[in-house]
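> model this:
(one chain, ligands or ions: 2)
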Amino acid sequence: MQELHRKRIKKALSLLKSAPTSQTLVISSNPAATRSRDTHFTYRQNSDLFYFTGSSHQSLTLVLRPHAKEQVVLVAPPEDPVKKVWEGSQPSTKTLARSLGASEVFSKDVHSAVRNLLRGTEVAFLQSISGTPSADLRKEFATRSPHSMRGLPASVVEAERLTSHLRCVKDPTEVQLIRKAADLTSAALLHAAQFIKPGMKERELAVMIEYLYRLHNAEPAFNTIVATGPSAATLHYHQLSRTLRKGELLLIDTGCELDMYACDVSRTIPVSSDTPAPLAAVYECVLRAQEAAIRAVKPGARMTEVHGVAARELTYGLKELGVLRGNPRELLKKGAYKPYFPHGIGHSLGIDVHDVGPGANDSLGVLEKGMVVTIEPGLYFSKSVGKIPACGVRIEDDVLVTPRGCEVLTAGVFPKRLDEINNIVE
Ligand code: GLY
Ligand code: MN
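Ligands and ions are numbered 1, 2, ... in the order given. Predicted coordinates for the structure are as follows:
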């Protein structure tokens, strides 16, 4: 892996160097987030720092300065003996520096040490996550008088502007890690699916899924959504308080984060095989929209275009279902589908579940070979419409853009055809 991190750093250095001005990138570990008083949330490394270093060190700052003699510098505080008693040691900065070909600076005052490394730089790429040395310097520079900034960067740019550019196209190692996360997500879904039956509680299923993630050293990449019947009309439903009922649909939106890479899939599953015809028709409509949208994913396509393909299918489907009336072309133009499909078609996926890269509403973002995006159309009815009861259907897969089209990385996660799902759930 160290070769991979060196390669990424080298790419960032050459991007920084390509400008006529001297530019420096500063990326820090995430601060430990407080849950209450002195109790912390589970630590999650900063995605950019992880991308460049692979390190889980909680107080590390990486400085990339192509114009300086020491181009790659790691800054960390000396080990805190009290913290060590409670939490154990942080990974060795010296070992990491050796493997990355970096210099290291140990200082009790990381903020000042990084500020010193920025002297002579015209442009600083600094983070926005508050509580990090990188972001704190950004705040400091914004409030200092021009006179006191002599020798320090005259302009500051969001670090994420540069790191997004590097991270949005995945290398083969990253794709492999997403596949691994998909395998575990699949195992968890298939395991939980055996228990789907009327009387089961949403929470029981969510816990079963997350149990398998944690058992295999993974975590949920986001709070697992298990939503049955009308609960599924809430996009990010989190109450998990309902009991599964015969003849209803169950929406599961889940994915693990394994080795810092996320998977994100949604499947909508009948609670019993006697799905009422109107619900089955809603399901088939969403599946057709998802299949059409996936076919539209290819290099050069925009996510807004892929969204448009799904919106078209859903509009025609809503008309067939009797939900919308009128000329489908006019309906599509007016966005009549929006109350029933109120979200984007998908998002980039990688180290972050909503990763850097072209989002659903990003008309400038063009898909490129190596990007990974989710394709997740849905239809939601918060109250019954005609014969359709309150319900939600979403079908989501993770899709790799290939040279000529795309590959569905989560194709084997869980079936999508109703008859195949019924065979598993029976
Ligand atoms: N899977 C949750 C989301 O994409 O928002
Ligand atoms: Mn998603």
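> residues from the chain in reach of ligand 2?
Neighbours of ligand 2 within the chain, by CB under 5 Å from the ion: Asp264, Thr374. C-beta coordinates here come from the backbone N, C-alpha and C atoms, glycine included.
> where does the chain dip in pLDDT?
Scanning the chain for pLDDT under 70 picks out the ranges 360-364.
> can you do 90?
Within the chain, the segments meeting pLDDT under 90 span 1-2, 38, 129-130, 144-150, 357-365, 423-426.
> And the residue nearest the centre of it?
Nearest to the mean C-alpha position of the chain, by CA atoms, centre = their mean, lies Val353 at 1.4 Å.
> Remind me which helix or strand that residue belongs to.
Following DSSP states H and E, there is no helix or strand that holds Val353.
> In contact with it, which residues?
Contacts of Val353 were listed using CB atoms under 8 Å, 6 or more residues apart in numbering, and they are Ala221, Phe222, Gly255, Glu257, Ala262, Asp264.
> rerun at 6 Å
Neighbour list for Val353: Ala221, Phe222, Ala262, Asp264 [criterion: CB atoms under 6 Å, 6 or more residues apart in numbering].
> pretty sure the last one contacts Glu257?
In this case it means Asp264. No. With contact defined as CB atoms under 6 Å, Asp264 does not count as touching Glu257 (9.7 Å).
> Mind checking which of these two has more residues around it?
Each of Asp264 and Glu257 has its neighbours counted (other CB atoms under 10 Å); Asp264 has more, 28 against 22.
> Closest residue of the stretch 151-300 of the chain to ligand 2?
Proximity to ligand 2, evaluated over the stretch 151-300 of the chain using CB to the ion, is greatest for Asp264 at 4.2 Å.
> The closest residue to ligand 1 within the stretch 51-200 of the chain - nearest residue in space that isn't next to it in sequence?
As assessed by CB to the nearest ligand atom, ligand 1 sits closest to Thr185 within the stretch 51-200 of the chain, at 11.3 Å. Distance criterion CB to CB, 6 or more residues apart in numbering; nearest residue to Thr185, sequence neighbours excluded, is Cys263 at 4.4 Å.
> In contact with that neighbour, which residues?
Taking CB under 6 Å, 6+ apart, we find Cys263 in contact with Ala181, Ala182, Thr185, Gly255, Cys256.
> Tabulate the residues you listed in CSV, adding columns for distance to Ser145.
Conversion of the contacts of Cys263 to CSV gives the following (distance: CB to CB, whole Å):
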residue, distance to Ser145
Ala181, 48
Ala182, 53
Thr185, 52
Gly255, 48
Cys256, 49
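> Now, of those residues, which are buried?
Ala181, Ala182, Thr185, Gly255, Cys256 (16 or more other CB atoms under 10 Å).
> ranges for the strands of the stretch 201-350 of the chain?
Secondary structure of the stretch 201-350 of the chain by DSSP state E, counting those that start in this stretch: the strands cover 219-220, 225-228, 249-254, 256-258, 261-262, 265-270.
> Could I get the contacting residues of the residue of the stretch 51-200 of the chain closest to ligand 1?
Thr185 is in contact with Gly255, Cys256, Cys263, Val265, counting by CB under 6 Å, 6+ apart.
> Now do the SS call for the residue of the chain most remote from its centre.
What lies farthest from the middle of the chain is His147; by CA atoms, centre = their mean that is 41.6 Å. Per DSSP: H, G, I helix; E, B strand; the rest coil, the secondary structure class of His147 is helix.
> so how far is Gly131 from it?
Distance, His147 to Gly131, using CB to CB, to the nearest Å: 28 Å.
> One more: Arg214?
Distance from Arg214 to Gly131, by CB to CB: 27 Å.
> okay, now Arg325: neighbour count?
Using other CB under 10 Å, Arg325 has 9 neighbouring residues.
> now swap in Arg295 and tell me
13.
> would you list every one of the helices in the stretch 1-150 of the chain?
With DSSP state H, counting those that start in this stretch as the criterion, the stretch 1-150 of the chain has helices at 2-17, 47-53, 81-87, 93-100, 110-117, 133-143.
> Let's see the second one as PDB, backbone CA atoms only.
Extracted as PDB, the C-alpha positions of helix 47-53 are listed here (Å, rounded to 0.1, in the frame of the first residue of the first chain):
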ATOM      1  CA  SER A  47     -11.000  10.800   4.400                       C
ATOM      2  CA  ASP A  48      -8.400  13.000   2.700                       C
ATOM      3  CA  LEU A  49      -5.600  12.200   5.200                       C
ATOM      4  CA  PHE A  50      -6.500   8.500   4.900                       C
ATOM      5  CA  TYR A  51      -6.300   8.700   1.100                       C
ATOM      6  CA  PHE A  52      -2.800  10.100   1.200                       C
ATOM      7  CA  THR A  53      -1.400   8.200   4.200                       C
END
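> Test my guess that Lys387 contacts Pro278.
Yes. Counting by CB under 6 Å, Lys387 touches Pro278, with 4.3 Å between them.
> so how far is ligand 1 from the nearest residue to Arg394 once chain neighbours are set aside?
Leaving aside its chain neighbours, Arg394 sits nearest to Gly378 (3.5 Å; criterion: CB to CB, 6+ apart). Applying CB to the nearest ligand atom, to the nearest Å, the value for Gly378 to ligand 1 is 11 Å.
> For Gly378, grab the count of nearby residues.
Residues near Gly378, counting by other CB under 10 Å, number 27.
> swap in Val85?
There are 8 residues near Val85, going by other CB under 10 Å.
> try Ser47
Ser47: 19 surrounding residues under other CB under 10 Å.
> How about the contacts made by it?
Ile351, Asp352.
> from here on, count from 167
Sure, I'll start counting at 167 from here, so that last one is Ser213.
> Return the distance of it relative to ligand 2.
16 Å (CB to the ion, to the nearest Å).
> For ligand 1, see how far away that residue is.
For Ser213, the distance to ligand 1 equals 16 Å [CB to the nearest ligand atom].
> can you pull up the bridge partners for Asp564?
Asp564 has the following beta-bridge partners by DSSP bridges: Thr540.
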